[in-house]
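Q: Return atomic coordinates for the entry below.
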Amino acid sequence: MTLPRLTVITPSLNQVKYLERALCSVLDQDYPDLEYIVMDGGSTDGSVDILRRYRDRLAYWVSEPDEGQSWAINRAIERSTGEVIAYINSDDYYLPGAFAAALPLFERPTVRWVAGATEYREVDGTLETHWIPRTPPGLRGRWVREPWYVPQASSFWRRDVFDEFGLLREDLDFVFDTEFGLRVALGGVQPVTFDRSLAVRYLHGEAKSAERSRFDREYETKVARQLRAQLAWWERLFDAPFRAQYRIRGRLRLLGLRERWFGGRFARR
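A: Down below sits the predicted model:
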């Protein structure tokens, strides 16, 4: 079996405490055809020293001011040569054997997106949740309303997915991965999912995900309406009463996007 060429991208900014762990989690996979790109946004905390130590094992790296996380990932995708693309944030990391578990699934040409499970772990190593991805449930209006999401850290996409559906939205700071997944799913491409853990999301206080209200607000104000526009008129009509109920319950604080995404603090239901 010939495995596809894999491009892995790591965006980073002042994550010296975690960066080397992320780098090693990629390089130690010993994947036979790996292109590893690191986009550092001009760190001033010693991250560049780490990147210099690993430069012989990186296909490309840069450290200079950029226009944000999604911008950096997009520029790396544009210069990448892999048939399959993934990205892992510098404070997260892959588990051993992740690539060996996920990449053989792309042997089937119809497979365009693969998603394994992600472990969400506290600073002390405690497992907060084991998020097992599932294909989107029910009617498409529900996908946008709740919204549906699979873990980005454990996702791999065939590059033609980006060719067909476009890159990450650079006007988004927090939910660009959610928006991209929904955009692709609404366009007819759904992931092949499985239960094995491929990556760890590290739940530390400096992480963007530490304050969920920013995610909720950005999704509601910049994403939900545009995604609903991809639905057929009858889907929007059918979903309208459910959406109204959802808004009312959210205002009463009986239900929120935080609970739908993570259930409690970070837990997926």
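
Q: Quickly find the element holding Phe180.
A: helix 176-186 (DSSP states H and E).

Q: Domains in this protein, by residue range?
A: As recorded under automatic domain parsing, the domains making up the chain are 1-92, 95-269.

Q: about what we covered before: dump the helix holding Phe180 to PDB, keeping only the CA atoms.
A: Presented in PDB, the C-alpha positions along helix 176-186 are these (Å, rounded to 0.1, in the frame of the first residue of the first chain):
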ATOM      1  CA  PHE A 176     -12.900  29.100  11.500                       C
ATOM      2  CA  ASP A 177     -12.500  25.400  11.900                       C
ATOM      3  CA  THR A 178     -16.200  24.900  12.800                       C
ATOM      4  CA  GLU A 179     -17.200  27.100   9.900                       C
ATOM      5  CA  PHE A 180     -15.000  25.100   7.500                       C
ATOM      6  CA  GLY A 181     -16.300  21.800   8.700                       C
ATOM      7  CA  LEU A 182     -19.900  22.800   8.300                       C
ATOM      8  CA  ARG A 183     -19.200  24.400   4.900                       C
ATOM      9  CA  VAL A 184     -17.700  21.200   3.700                       C
ATOM     10  CA  ALA A 185     -20.400  19.000   5.200                       C
ATOM     11  CA  LEU A 186     -23.200  21.100   3.800                       C
END
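
Q: pLDDT on that helix, on average?
A: Average pLDDT, helix 176-186: 97.

Q: Stretch 73-82 too?
A: Stretch 73-82 comes out at a mean pLDDT of 98.

Q: Count the neighbours of Leu6 for me.
A: 24 (other C-beta atoms under 10 Å). For the C-beta atoms, the positions are set from N, CA and C on the backbone; glycine is no exception.

Q: my guess is it contacts Gly82, does it?
A: Yes - taking contacts as C-beta atoms under 8 Å, Leu6 lies within contact range of Gly82: 5.2 Å.

Q: Which neighbours do these two have in common?
A: Glu35 (C-beta atoms under 8 Å, 6 or more residues apart in numbering).

Q: that older thread, least reliable of the domains of the chain going by mean pLDDT?
A: domain 95-269 - the lowest mean pLDDT of the domains of the chain, at a mean of 87.

Q: Could you list every helix and strand that the longest strand along the chain packs against?
A: In the chain, assigned by DSSP state E, the strand with the most residues is strand 192-203. Applying 3 or more C-beta pairs under 8 Å, 6 or more residues apart in numbering; DSSP states H and E, one finds that strand 192-203 makes contact with strand 93-94, helix 98-102, strand 113-122.

Q: what's the closest of the ones you listed to Phe194?
A: strand 113-122 (5.6 Å; C-beta to C-beta).

Q: got the residue ranges for the strands in this protein?
A: Under DSSP E, the chain gives strands at 6-12, 34-40, 60-63, 84-87, 93-94, 113-122, 127-131, 155-158, 192-203.

Q: Distance of Arg158 relative to Phe165?
A: 11 Å (C-beta to C-beta, to the nearest Å).

Q: Can you give me the buried ones in the longest strand of the chain?
A: Val192, Thr193, Phe194, Ser197, Leu198, Ala199, Val200, Arg201, Tyr202, Leu203 (16 or more other C-beta atoms under 10 Å).

Q: what's the most distant pair in those?
A: Between any two of the buried residues of strand 192-203 (C-beta to C-beta), the greatest distance is 26.9 Å, for Val192 and Leu203.

Q: related to what we said a few turns ago, the more surrounded of Arg158 and Phe165?
A: Neighbour count, other C-beta under 10 Å: between Arg158 and Phe165, Arg158 has more, with 20 against 16.
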